[in-house]
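K.L.:
sequence first, predicted model second:
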Amino acid sequence: MKFLIVNGDDFGLTRGVNRGVIRGFTHGILTSTSTMVNMPAFLHAVIEGKKHGGLAMGLHLNLTYGRPVSPASGVKSLTDSCGSFVKNPLHVLENGLGEEIFLELSAQTRKFLETGLCPSHIDTHHHLHVSEKILPHVGRIAKELKVPVRSLERDALLEKGIKQGAFFQPYFAGYGGVGKLLEILECLPGGITEIPCHPGYVDDELMELSSLNCLRENELQAITNEQVKNKVGELKIMLTNYKKLKGKL
């Protein structure tokens, strides 16, 4: 059996991104999303996510974008002189103090839980949890919540006793569009696969906040494409999310 999770990252970044994620869910193959709790449209994302109860909402832990949830004075190793995260992931890996990393990740987790939701899974912006410096902190939170972590390095997760997620299949519509997505579906292995994407609508806020902007509409077009939806049915691929697969992970 082939199970497929199509996850829209960056839910909460802007309202345009939120609308793109919802469109991908209601009119495409998107089944899941990862939520950034420290970004401007987080509360809007929560409202929209709750309206569409079948959309699984995960937690997109973030140490490289925007401002921290914790007081900046308590996480100085992660921030610049203005109190914002340093956008370069290397800064966190080279300069971040372990206790400050865990403090901020815990604060983001609490902010998510305060919505009344429990995350379907956990992943990280810029895939920071692939680092041995970040993974133990992410793993600790995941164990407490009993949720899986996006599996970029399955062996590393298993060795630490962390509930691993699906086989990770990178996809970016800027390189191949619909054709590449169809190719991935044709070659999908048995078991559980996660394809991440970044659907969204471009607006002024997105152009100001993110260098990944216009290509988000390309990804939205790909995951809502009729050929793609038909191919999923033709290949008998079961669209799912981490919540539905709780007993299989």
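P.N.:
Yes, it's here. All figures in this text were calculated on a predicted structure; none of them were measured in a lab.
K.L.:
pull the CA atoms of the lengthiest helix in the chain into CSV?
P.N.:
In the chain, with assignment by DSSP state H, the single longest helix is helix 98-113. Presented in CSV, the C-alpha positions along helix 98-113 are these (Å, rounded to 0.1, in the frame of the first residue of the first chain):
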residue,chain,number,x,y,z
GLY,A,98,21.5,24.7,24.1
GLU,A,99,19.4,26.0,27.0
GLU,A,100,18.3,29.0,24.9
ILE,A,101,17.4,26.8,21.9
PHE,A,102,15.2,24.6,24.2
LEU,A,103,13.7,27.6,25.9
GLU,A,104,12.5,29.0,22.5
LEU,A,105,11.4,25.8,21.0
SER,A,106,9.3,25.1,24.2
ALA,A,107,7.8,28.6,24.0
GLN,A,108,6.7,28.0,20.4
THR,A,109,5.3,24.6,21.4
ARG,A,110,3.3,26.2,24.3
LYS,A,111,1.9,28.9,22.0
PHE,A,112,0.7,26.2,19.6
LEU,A,113,-0.9,24.2,22.4
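K.L.:
I'd like the next helix or strand past it.
P.N.:
strand 122-124 (DSSP states H and E).
K.L.:
next SSE after that next one?
P.N.:
helix 135-145.
K.L.:
list the buried residues in that next one.
P.N.:
135, 137-139, 141-142, 145 (16 or more other CB atoms under 10 Å). In this view, the C-beta of every residue, glycine as well, is placed from N, C-alpha and C.
K.L.:
now do the longest helix of the chain: everything it contacts.
P.N.:
With contact meaning CB atoms under 8 Å, 6 or more residues apart in numbering, helix 98-113 is reached by 35, 37-38, 42, 59, 61-63, 68-70, 74-78, 92, 119, 133-134, 137-138, 140-141, 145.
K.L.:
and the angle from that helix to helix 135-145?
P.N.:
30 degrees (axes from the mean of the first three to the mean of the last three CA atoms, to 10 degrees).
K.L.:
from the buried residues of helix 135-145, which is closest to residue 82?
P.N.:
Proximity of the buried residues of helix 135-145 to residue 82 was ranked by CB to CB; the top entry is residue 137 with 24.4 Å.
K.L.:
tell me how far the closest one lies from residue 171.
P.N.:
When distance is defined by CB to CB, to the nearest Å, residue 137 is 27 Å away from residue 171.
K.L.:
cool, thanks, talk later.
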